[in-house]
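K.L.:
Turn this into a structure:
(chains A and B)
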Amino acid sequence: MRERPAVGWLEVHSENYFADGGMQIERLMNARSLYPLSLHGVGMSLGSTDPLDAEHVRRLKRLVGWSKPAFISEHLSWGSVHGTHLNDLLPLPLTEEALALIIARVGQLQDELGRQILVENVSSYLQFAEMQIAEWDFLAALGEEAGCGLLVDVNNVYVSACNHGFDARRYLSALPRHLVRELHVAGHSRNRHGDREILIDTHSAPVCDEVWDLYEFSLRCFGPVPTLIEWDADLPPLEVLLAEAGKADRCLDKVHALAA
Amino acid sequence: MRSLRETQAAFSAALRSGDAGLLASQIVDGGIAPEQRIQVYRNNHRLAALATMQATYPVIERLGGNDWFRQSAAQYQKRFPSRSGDLQYLGENYPEFLRSQLGETPHAYFADVAALEWAYQLVLSAEERAPVDLAVLRAIAPQDYERLVFVPRPALRLVESQFPILAIWQANQPSVESVPEIGLDGNPSRVLLIRREDHVELRELSEGSSLLLQQWQLGTPLGAAAAAAAAGSTAFDLPVCLRELLGLKAIADIVCGDTSDIA
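P.N.:
Sure thing, here's the model as predicted:
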């Protein structure tokens, strides 16, 4: 923050600022006085069959109250059952039952917060045989029915497309433009399993060329949507992060120039 | 087809106990065995918890060594599964777990060091309340002193141990390269952790001040608090302890025992 990097806005994990007070809170207050802010939650467990955690909602609501974020986002995932939290963004079976449940819970959370949230697609490493709805249709239905926006993580689309063999461009093309409010791009790693590999979303590496191509495609689909370089593990020097943000800006300029 | 809740319970069992059979039957193979796909999530689950425990208990990890700590954290995770979507609560019961595991061993002091580290986390994230302005005391008649309730600041904790836990904690900070020999016997510790502007201060309290602060934490008025502290320590000296605790800016408020706020 001392260097005041020339970026348009910042995004933080909501749970890192659930504290009652202290240095972390003061740092975020300082950052918020300098930049617009987006809150990105990882622990709400929107797709869980347990009730929403009232204390978690209360702390998010308190944070939203004082930090006045431009966006509040959560994930298309679940993380708790029978009161036990697994603290991960676990994939949902994409069924009619899951869709009805998450529509209701997103609605409940938005009612509690008194404002719209965005829901982000996650990377997945397995698919359920009982899948009834393609993920892109699931997200579109969620957005339309619950009145939430979508945060499209382009890297997650790429990772899941490679892991499950679907067409990433088809996925992006199927999402309604009016629902998409934010984009993420990030790095990933590759784990070998015999002659096959699983891509893992790690947020610890530069964005690869294929994801930059998909990002350009996303901008053509959704227009000039605010974009975050999501890098929160094995952090590089600030200049590396700013260079990645610069790449995203150049993609935006290029797509704009083509559209003009 | 299983219900969503049944599927989630099977997923939880696969991650927590390694019993992947029930979940694997629901997973598409796609050229990679379902068990291998589930293993990716098992690894993520284990590593996220380990990283949180390492960040919360760095001194315990240094004392026990990385291999021991990994095993201990994994056993703890099984015994005390996370109850919150906020990982910062994950280590809440670790001191209790260590006490149950190591209580009768030469490493019994690990539990108290862990209690110190957990208190450190609580102090870091506690509500901010400024120290009381002691000028308020000038307005109080001496006959009312006994009824005064001293309200400690939320951003402080007191941890007591029969072991020299503060010396152990200090000797196992990352900046300390060679750990000195610390005698465990006959060196009890009463550690006050209190948040300052940009750090958490840890310091030993006298026995009397520790007893008085404990009474204040219970909401006991000054007269009764001093009597209880004197009963617990023959060396208790009220003016000395008051000077120590007020000098440390440990008090957020001073109110009358009848609850009318005078601060």
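K.L.:
Name the nearest residue to residue 59, ignoring sequence neighbours.
P.N.:
You didn't pick a chain, so chain A it is. A:Phe18 (4.1 Å; Cβ to Cβ, 6 or more residues apart in numbering or on different chains). For glycine as for every other residue, the C-beta is placed from the backbone atoms N, C-alpha and C.
K.L.:
um, chain B though
P.N.:
B:Asn172 (4.5 Å).
K.L.:
Could you find the closest non-adjacent residue to residue 171?
P.N.:
In the absence of a named chain, chain A is used. A:Tyr171 sits nearest to A:Trp136 (Cβ to Cβ, 6+ apart), 4.6 Å away.
K.L.:
Sorry, I should have been clearer: chain B.
P.N.:
B:Val179 (4.8 Å).
K.L.:
same thing with B:Gly91?
P.N.:
Per Cβ to Cβ, 6+ apart, closest to B:Gly91 is B:Thr56, 4.1 Å.
K.L.:
doesn't A:Ala6 fall inside a strand?
P.N.:
No - A:Ala6: not assigned to a strand; according to DSSP: H, G, I helix; E, B strand; the rest coil it is coil.
K.L.:
Give me the pLDDT for it.
P.N.:
The model reports A:Ala6 with a pLDDT of 88.
K.L.:
Look up the closest residue to it, ignoring the ones flanking it.
P.N.:
A:Leu242 (7.7 Å).
K.L.:
Within the helices and strands, which one has the one you found?
P.N.:
A:Leu242 belongs to helix A:238-259 when assigned by DSSP states H and E.
K.L.:
by contact count, what packs against that helix?
P.N.:
Using 3 or more Cβ pairs under 8 Å, 6 or more residues apart in numbering or on different chains; DSSP states H and E, the elements in contact with helix A:238-259 are helix A:209-222, strand A:227-230.
K.L.:
now the angle from the first one to helix A:238-259?
P.N.:
Read it as helix A:209-222. Here the directions of helix A:209-222 and helix A:238-259 differ by 50 degrees (axes from the mean of the first three to the mean of the last three Cα atoms, to 10 degrees).
K.L.:
For the stretch 151-263 of chain B, just list every one of the strands.
P.N.:
For the stretch 151-263 of chain B, the strands defined by DSSP state E, counting those that start in this stretch occupy B:156-161, B:189-195, B:200-204, B:251-256.
K.L.:
Mean pLDDT for those strands - can I get that in a markdown table?
P.N.:
Converted to a markdown table, those look like this (pLDDT from 0 to 100):
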| stretch | mean pLDDT |
| --- | --- |
| strand B:156-161 | 98 |
| strand B:189-195 | 97 |
| strand B:200-204 | 97 |
| strand B:251-256 | 93 |
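K.L.:
hey, which of the ones you listed is tucked in deepest?
P.N.:
Among the strands of the stretch 151-263 of chain B, strand B:189-195 has the highest mean neighbour count (mean count of other Cβ atoms under 10 Å in any protein chain shown), at a mean of 22.
K.L.:
which stretches of the chain aren't confidently modelled?
P.N.:
Answering for chain A, as no chain was given. A:260 (pLDDT under 70).
K.L.:
hmm, I had chain B in mind actually
P.N.:
In chain B (pLDDT under 70), the answer is B:258-263.
K.L.:
Can you spell out which helices and strands pack onto the longest helix anywhere in it?
P.N.:
Criterion DSSP state H: the longest helix present in chain B is helix B:34-56. Packing partners of helix B:34-56 (3+ Cβ pairs under 8 Å, 6+ apart): strand A:84-90, strand A:196-201, helix B:4-17, helix B:21-24, helix B:66-79, helix B:109-125.
K.L.:
Could I get those in CSV, plus columns for distance to B:Leu212 and mean neighbour count?
P.N.:
As requested, the helices and strands packed on helix B:34-56 are exported to CSV (distance: least, Cβ to Cβ, whole Å; neighbours: other Cβ atoms under 10 Å in any protein chain shown):
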stretch, distance to B:Leu212, mean neighbour count
strand A:84-90, 39, 23
strand A:196-201, 53, 18
helix B:4-17, 45, 20
helix B:21-24, 56, 18
helix B:66-79, 35, 15
helix B:109-125, 18, 21
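K.L.:
Between the ones you listed, which one is closest to A:Pro236.
P.N.:
strand A:196-201 (17.3 Å; Cβ to Cβ).
K.L.:
Quick check: the nearest residue to B:Ala73 once chain neighbours are set aside vs B:Arg62, distance?
P.N.:
Leaving aside its sequence neighbours, B:Ala73 sits nearest to B:Met53 (Cβ to Cβ, 6+ apart; 4.3 Å). From B:Met53 across to B:Arg62, the span is 13 Å (Cβ to Cβ, to the nearest Å).
K.L.:
Look at the two and report which has more neighbours.
P.N.:
Higher neighbour count among B:Met53 and B:Arg62: B:Met53, with 23 against 16, using other Cβ atoms under 10 Å in any protein chain shown.
K.L.:
Quick check on the residue in the stretch 1-150 of chain B that chain A sits nearest to: phi, psi?
P.N.:
Using Cβ to the nearest Cβ, B:Gly85 is the residue of the stretch 1-150 of chain B that sits closest to chain A, at 2.7 Å. B:Gly85 adopts backbone torsions of phi -80, psi -10, taken as degrees, to the nearest 10.
K.L.:
Point out the residues in the stretch 51-200 of chain A that sit beside chain B.
P.N.:
A:53, A:55-56, A:59, A:78-88, A:90, A:92-93, A:95, A:97-98, A:101, A:125-130, A:163-165, A:191, A:193-194, A:196, A:198, A:200 (Cβ under 8 Å from any Cβ of the partner chain).
K.L.:
and with 6 Å instead?
P.N.:
Taking Cβ under 6 Å from any Cβ of the partner chain as the measure of proximity, the stretch 51-200 of chain A contacts chain B at A:56, A:81, A:84-88, A:93, A:97-98, A:125-130, A:193, A:196.
K.L.:
can you map out the helices along the stretch 1-150 of chain A?
P.N.:
For the stretch 1-150 of chain A, the helices defined by DSSP state H, counting those that start in this stretch cover A:23-34, A:54-67, A:96-113, A:135-146.
K.L.:
hey, which of those is tucked in deepest?
P.N.:
Counting by mean count of other Cβ under 10 Å, helix A:135-146 has the highest mean neighbour count of those, with a mean of 19.
K.L.:
Pull the number of nearby residues for the residue nearest to B:Gly91.
P.N.:
22.
K.L.:
Tell me how far it lies from B:Tyr94.
P.N.:
On the measure of Cβ to Cβ, B:Thr56 and B:Tyr94 end up 8 Å apart.
K.L.:
B:Ser25 too?
P.N.:
35 Å.
K.L.:
what's B:Gln54 in contact with, if anything?
P.N.:
B:Glu61 (Cβ atoms under 6 Å, 6 or more residues apart in numbering or on different chains).
K.L.:
again, but for B:Pro164
P.N.:
Taking Cβ under 6 Å, 6+ apart, one finds B:182, B:187, B:189 in contact with B:Pro164.
K.L.:
ok, of these, which one's closest to chain A?
P.N.:
Closest to chain A, out of all of those and judged by Cβ to the nearest Cβ, is B:Ser189, at 24.3 Å.
K.L.:
neighbour count winner among B:Ser25 and B:Tyr94?
P.N.:
Neighbour count, other Cβ under 10 Å: between B:Ser25 and B:Tyr94, B:Tyr94 has more, with 25 against 11.
K.L.:
thought the more buried one was touching B:Ala114?
P.N.:
Yes - at 5.4 Å, B:Tyr94 counts as touching B:Ala114 under the criterion of Cβ atoms under 6 Å.
K.L.:
could the helices and strands packed on helix B:34-56 go into CSV alongside distance to B:Ala49?
P.N.:
As requested, these are exported to CSV (distance: least, Cβ to Cβ, whole Å):
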stretch, distance to B:Ala49
strand A:84-90, 7
strand A:196-201, 17
helix B:4-17, 10
helix B:21-24, 19
helix B:66-79, 5
helix B:109-125, 15
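K.L.:
what does the stretch 51-200 of chain B put close to chain A?
P.N.:
Close to chain A, as judged by Cβ under 6 Å from any Cβ, the stretch 51-200 of chain B has residues B:81-82, B:84-87, B:124-128.
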